[in-house]
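J.: how would this look folded up:
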Amino acid sequence: ESNREDYTSDDYKYLNMESSSKNKGNFQFGSMEGSYEIDTLNLVTFSMQMYGGSSKNNGAGSTQMLNARHEHAYSYNTINRSKYGYGSIGANFDYQHSFKKKGEYLTFSYRYNGSPNNSESYTEYEDIMDYPYDMDYLRNQHFDNDARTDEHTFQLDYTNSISKVHDLVVGAKYILRENESDTKYYKDYNGIYQVDENLTDTYEQKQNILAAYADYKLKWKKFGAKAGIRYEHTFMDVEYAKLNEKNFKTDFDDVVP
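T.: Predicted coordinates for the structure are as follows:
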């Protein structure tokens, strides 16, 4: 419940709003993992994680405006219905080869992560009385959005303890990331929902990242030092199905010590 008093107007001075809602949902999650030692030099590991859920919400509200004499100015009621779905699934695969020399390894890793997120809602207006503004603001509305993110990561690392004093790690990584969103916005015209083209569009972003890196570690008696560098090159492509003037492509470099 909320109440507002407008000191700049006598015709629309007191705004009183009340609303209530009820939400119901469920949620699941799980994980698994395993490993297999092919022999003393080769090891494979795998893991998987997931979670997901959905919810529904139903609500109702009333809005009433009074003038300075506490007389009716305008009023309307609102009904809201919405539902949501969300989740994530991830998987990791690793292969490690150990050389006969102690402290020397070669590791290949793959990781996938996907996150779907969907939502849908309806807003309806009833019992509208004496509303003084553009009635398009109180037109029944329907919003529908389907979105997801997918990411694939490939990584190769080589580790070598050259001696008791020197350690070296070099590696490379490739990340493929894609975001998608399909948004539809509808308005009710005489009982028929029609798409609002100004608020409806499909969005897609692709990002590819190539990286190479190296670490060097020095251990001498009680002293130690570590230094490394990482280079990345990123390709990005953004596309809108209808708003083509917002499309762009770019690429850039990063060097991180």
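J.: OK, contacts around the residue sitting nearest the centre point of the chain?
T.: In the chain, the C-alpha nearest the mean C-alpha coordinate belongs to residue 149, at 6.7 Å (C-alpha atoms, centre = their mean). For residue 149, the contact set (C-beta atoms under 8 Å, 6 or more residues apart in numbering) comprises 113-115, 177-180. Any C-beta I mention is one placed from the backbone N, CA and C, and that applies to glycine too.
J.: please pick the buried ones from those residues.
T.: With burial judged by 16 or more other C-beta atoms under 10 Å, the buried subset of the contacts of residue 149 is 113-115, 177-179.
J.: let's have those residues in CSV, adding distance to residue 238, secondary structure and pLDDT.
T.: Conversion of the buried ones among the contacts of residue 149 to CSV gives the following (distance: C-beta to C-beta, whole Å; DSSP: H, G, I helix; E, B strand; the rest coil; pLDDT from 0 to 100):
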residue, distance to residue 238, secondary structure, pLDDT
113, 20, strand, 96
114, 20, strand, 96
115, 19, strand, 94
177, 12, strand, 96
178, 11, strand, 96
179, 9, strand, 95
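J.: let's see the helix or strand of the chain with the lowest mean pLDDT as PDB, backbone CA atoms only.
T.: The element with the least model confidence among the helices and strands of the chain, by mean pLDDT, DSSP states H and E, is strand 192-195, at a mean of 90. Only the C-alpha atoms of strand 192-195 are listed here, as PDB (Å, rounded to 0.1, in the frame of the first residue of the first chain):
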ATOM      1  CA  ILE A 192      -6.300  -8.500 -30.300                       C
ATOM      2  CA  TYR A 193      -2.700  -8.400 -29.200                       C
ATOM      3  CA  GLN A 194      -0.500  -6.700 -31.800                       C
ATOM      4  CA  VAL A 195       3.300  -6.400 -31.700                       C
END
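J.: direction included, what does it pair up with?
T.: The partner list of strand 192-195 in its sheet, established with DSSP bridges, is strand 166-189 (antiparallel).
J.: give the buried residues for the strand it pairs with.
T.: In strand 166-189, counting by 16+ other C-beta under 10 Å, buried: 167, 169, 171, 173, 175, 177-179, 181-182, 184-186, 188.
J.: same check, this time on stretch 31-45
T.: The neighbour-count check on stretch 31-45 (16+ other C-beta under 10 Å) flags residue 43 as buried.
J.: cool, and stretch 142-162?
T.: By 16+ other C-beta under 10 Å, the buried positions in stretch 142-162 come out as 142-143, 146-147, 149, 151, 153, 155, 157-161.
J.: what is the nearest of those to residue 209?
T.: Comparing those against residue 209 with C-beta to C-beta places residue 153 closest, at 9.1 Å.
J.: follow-up on the earlier one: following the least confident helix or strand of the chain, which helix or strand comes up?
T.: With elements assigned by DSSP states H and E, the helix or strand that comes after strand 192-195 is strand 201-220.
J.: tell me what that following strand is packed against?
T.: strand 166-189, strand 223-240 (3 or more C-beta pairs under 8 Å, 6 or more residues apart in numbering; DSSP states H and E).
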